[in-house]
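>>> pasting the sequence and the predicted coordinates here, then a few questions.
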Amino acid sequence: MKTKVIEDYLDYLFPNPECELIYHTDYELLIAVVLSAQSTDKRVNTVMPIILDKYPTLNDLKEADLSDLETIVRPVGSQHKKAAYIKNIATILVDKYNSIVPRDRDKLIELSGVGRKTANVFLSEYYNEPAIAVDTHVERVSKRLGLANKNDDVLKIENKLMKKFSKDKWAKLHLQLVLFGRYHCKAIKPECSNCRLIDICKEKKKNI
Ligand code: SF4
C-alpha cells in the first residue's frame, strides 16, 4: 500500500523528526511560527533571540515600539505586517489569556497572523496534538507523491492526509514531510536519483 511505503521511508529517513525552530515557551513557539511564513527557520532562529533580548516578557512585547520591532524583524521579511502581528498577539495573550497561548484551534485562529497552518503547527509541536499543518513543503511533496491532486488547496490536502494516515501519526508525519521537502524533495532539483519513492512519484520523470 502506497501510504505504508511512504511512512516506512519517512521513518527510515527521519526516525525522530524535530521542529527546527528554537523556542522555550508556548508564546515563543507561536511567534516563531508566525515569523517563519515565507521565510526560513534558520532566519527566524537568528531573529528570535534579538526579540527576546529586547523584550524579555510578553508584557514588554506588548509595549514594544512598532518601528523598533520592525527593524528587528526585517531579516525574515514582511516586517511591517509581522511586527504588527506579534505585538498584537502579545497584547491579546496578556489582556485576554493571562499570558498563556490558548490550546484551542478556534481561539488561535482569531489571533493576528495565525491561520489554520500556524495553529496546527503550534498544537502538534507544543502539545503533540494530532494535526497536520500543510505548508509549502507538505503541499509540494503530497502532490508529487499523489497523496493529493495538483489543484487541491491546503485544506483539501490536509483532509486527504488525515484520511490516508492514522491519527497517531499526524504530528510526526507533518514534521517528516517538512524535512523531506526541505532536504530531499526540494522545490528545485529534488534528489530523485536517491529517492526510494521514485516508483510511486508523479514527478520523477521531470527530475532525473
Ligand atoms: Fe520528490 Fe523526486 Fe522522490 Fe519524487 S522521486 S518524491 S520528486 S525526490
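Perfect, thanks for sending it. Nothing here was measured: the structure is a model prediction, and the numbers come from that model.
>>> quick one: contacts for residue 39?
76-77 (C-beta atoms under 8 Å, 6 or more residues apart in numbering). Placement of C-beta: from N, CA and C, glycine included.
>>> how far away is it from the ligand?
With distances taken as C-beta to the nearest ligand atom, to the nearest Å, residue 39 is found 23 Å from the ligand.
>>> likewise residue 23?
29 Å.
>>> same check, this time on residue 164
16 Å.
>>> now the residue nearest to that residue when sequence neighbours are not counted: which helix or strand?
Nearest residue to residue 164 in three dimensions, chain neighbours excluded: residue 3, at 5.0 Å (C-beta to C-beta, 6 or more residues apart in numbering). Secondary structure from DSSP states H and E places residue 3 in helix 2-13.
>>> and that helix with the ligand, contact?
No: legend: contact between helix 2-13 and the ligand by C-beta under 6 Å from any ligand atom is lacking; minimum distance shown is 8.9 Å.
>>> list the helices and strands the next helix or strand after that helix packs on?
Later in the chain than helix 2-13, the nearest helix or strand by DSSP H and E is helix 26-35. If you count contacts as 3 or more C-beta pairs under 8 Å, 6 or more residues apart in numbering; DSSP states H and E, helix 26-35 packs onto helix 41-54, helix 79-97, helix 116-127.
>>> which non-adjacent residue is nearest the residue most central in space within the chain?
With distances taken as C-alpha atoms, centre = their mean, residue 121 lies nearest the centre of the chain, 5.0 Å away. Using C-beta to C-beta, 6+ apart and skipping residues adjacent in sequence, the residue nearest residue 121 is residue 133, 4.3 Å away.
>>> so the one you found sits against residue 108, correct?
No: using C-beta atoms under 8 Å, residue 133 makes no contact with residue 108, being 11.8 Å away.
>>> residue 177 contacts residue 138, doesn't it?
Yes: counting by C-beta under 8 Å, residue 177 touches residue 138, with 4.5 Å between them.
>>> that older thread, of the helices and strands packed on helix 26-35, flag the one that's most buried.
Of the helices and strands packed on helix 26-35, the one with the most neighbours on average (mean count of other C-beta atoms under 10 Å) is helix 116-127, at a mean of 21.
>>> quick one, that one and helix 26-35 angle?
Counting by axes from the mean of the first three to the mean of the last three C-alpha atoms, to 10 degrees, helix 116-127 points 150 degrees away from the direction of helix 26-35.
>>> for helix 116-127, the averaged confidence score.
Model confidence over helix 116-127 averages 96 on the pLDDT scale.
>>> residues of the helix or strand following that helix that come out buried?
Using DSSP H and E, the helix or strand that directly follows helix 116-127 along the chain is helix 136-144. For helix 136-144, a neighbour-count test (16 or more other C-beta atoms under 10 Å) marks 137-144 as buried.
>>> no further questions, thank you.
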